[in-house]
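Colleague: Predicted coordinates and the sequence they were generated for:
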Amino acid sequence: MLSYYKTIDGKIRLIPEYEPGCWIHCIAPKDEEINGLIRDFSIEPDFFRAATDEEESSHIDSEDGNTLIIIDIPSVEKTEDGLVYTTMPLGIIMTEKSVITIVTRENPLLNEFSEGVVKGVQTNLKTRFILNIMLRVATRYLQYLKQIDKISMQVEAELRKSMKNSELFHLLSIQKSLVYFSSSLKANEITIEKIMRGRAVRLYEEDQDLLEDVLIEVKQAIEMSNIHLNILSGTMDAFASIISNNLNIVMKVLASITLIISIPTVISSMYGMNVDGLPIAQFWFPVAMAVVCMAAAAYFLRKKNML
């Protein structure tokens, strides 16, 4: 689906057709739509193939006066087990007169631009518009990282009470999300540093401060994701050790109980043999002896912290 947006009277508005200086937003574009853009703007077909590849990593490329920038943007999906945080590629193609963005599925981050939530955006200022998108992406990473931190704290609190496998799987899912975020942010950082050199994208003096803000936000998000990832890894290792220790305690107690209840079996088997000469061969004696031996064994095991 193709949509055209342009800044009119200081606000981004939806327009019915293409105009110079507009923003073309593509959500899971069809082949005929892609072919139309390739024909109208003389864009390299590989640009669209890269932008629609879910596994494509962040990078920047230029060909025939057009520049492709791919960055990884955060995404959150609702599942039966809760929220799942992941990343998806965003393709940005800068042509001579317009900016084209390509995503494989709808993302609320870009909707904030199309719905006018982000203020002060000029679609005709192509470099600045792209930097505004990147700044919003970095800010969204920080927001999601704060949400992940709160969720992990809640799961840890539940895990302290129940020690269920579901909580451990939830922590594993959070750790997986942090790994995605960390690797994507590092790739985005490399791409932004390439833009900062001014070779692939033409930079204006008024864009330098905005670009530096983008890089600072990305570095902060990288640092935060690494901290959360290290803390979560240590927490999971600690809980795994606790669970293993609890299992050892349970097995130790069961072994002690098995030892104690085996005493009456040994004594009764002795007095059940058809032999002469057993001491006090009366019913009460083996029962009393079994009780005394069990009590002595329980006391000894208790002193050794086996029960």
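Modeller: Arrived safely.
Colleague: Report the contact partners of Ser225.
Modeller: 141, 145, 178, 181-182, 185 (CB atoms under 8 Å, 6 or more residues apart in numbering). Placement of C-beta: from N, CA and C, glycine included.
Colleague: Dump those residues to CSV, plus distance to Leu259.
Modeller: What follows is the contacts of Ser225, written out as CSV (distance: CB to CB, whole Å):
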residue, distance to Leu259
Tyr141, 57
Leu145, 52
Leu178, 46
Phe181, 52
Ser182, 51
Leu185, 56
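Colleague: quick one: which of these has the most company?
Modeller: Highest neighbour count within these, by other CB atoms under 10 Å: Leu185, with 28 neighbours.
Colleague: Can you name the helix or strand that that one falls in?
Modeller: Secondary structure from DSSP states H and E places Leu185 in helix 165-196.
Colleague: Any buried residues in that helix, and which?
Modeller: Neighbour counts over helix 165-196 (16 or more other CB atoms under 10 Å) mark 167-168, 170-171, 173-175, 177-178, 180-182, 184-185, 187-189, 191-192, 194-195 as buried.
Colleague: Just give the nearest non-adjacent residue to Tyr144, would you?
Modeller: Nearest residue to Tyr144 in three dimensions, chain neighbours excluded: Pro74, at 5.0 Å (CB to CB, 6 or more residues apart in numbering).
Colleague: Give me the contacts around the helix or strand that Ile100 is a member of.
Modeller: Element membership of Ile100 [criterion: DSSP H and E] is strand 99-103. Outside of strand 99-103, the residues that reach it under the criterion CB under 8 Å, 6+ apart are 23-29, 37, 41, 43, 48, 51-52, 73, 88-94, 110, 123, 126, 129-130, 133.
Colleague: at 7 Å instead, please
Modeller: By CB atoms under 7 Å, 6 or more residues apart in numbering, the residues outside strand 99-103 that reach it are 23-27, 29, 37, 48, 51-52, 88, 90-93, 110, 123, 126, 129-130.
Colleague: mind checking how far the residue nearest to Tyr144 is from Ile192?
Modeller: From Pro74 across to Ile192, the span is 16 Å (CB to CB, to the nearest Å).
Colleague: Poorly predicted segments of this protein, please.
Modeller: Counting by pLDDT under 70, the chain has low-confidence residues at 81, 162-165, 198-199, 270-286, 301, 306-307.
Colleague: in it, which residue is closest to the centre?
Modeller: The structure's the chain has its C-alpha centroid closest to Ser177; by CA atoms, centre = their mean the separation is 1.1 Å.
Colleague: Just to check, that residue is in contact with Thr86?
Modeller: Yes. Counting by CB atoms under 7 Å, Ser177 sits close enough to Thr86 to count as a contact (6.5 Å).
Colleague: Do a quick rundown of the helices in the chain.
Modeller: Remark: helices assigned in the chain by DSSP state H are 31-41, 45-51, 108-114, 126-162, 165-196, 208-271, 284-303.
Colleague: okay, those helices in a markdown table with distance to Asn66 next?
Modeller: Converted to a markdown table, the helices of the chain look like this (distance: least, CB to CB, whole Å):
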| stretch | distance to Asn66 |
| --- | --- |
| helix 31-41 | 7 |
| helix 45-51 | 7 |
| helix 108-114 | 20 |
| helix 126-162 | 11 |
| helix 165-196 | 15 |
| helix 208-271 | 20 |
| helix 284-303 | 79 |
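Colleague: Relative to Leu68, which of those helices is closest?
Modeller: Between Leu68 and the helices of the chain, the shortest gap by CB to CB is with helix 45-51, which sits at 4.5 Å.
Colleague: name the helices or strands packed onto the closest one?
Modeller: Helices and strands touching helix 45-51, by 3 or more CB pairs under 7 Å, 6 or more residues apart in numbering; DSSP states H and E, are strand 66-79, strand 82-94.
Colleague: In it, which of the residues would be classed as buried?
Modeller: 47-48, 50-51.
Colleague: same thing with stretch 209-219?
Modeller: Neighbour-count burial for stretch 209-219, counted by 16+ other CB under 10 Å, picks out 210-211, 214-215, 217-218.
Colleague: Looking at those, spot the one nearest Glu56.
Modeller: Val218 (18.5 Å).
Colleague: is it true that the closest one touches Ile192?
Modeller: Yes. At 6.1 Å, Val218 and Ile192 qualify as touching, with contact defined as CB under 7 Å.
Colleague: which strands and helices sit next to the helix holding Leu185?
Modeller: strand 59-63, strand 66-79, strand 82-94, helix 126-162, helix 208-271.
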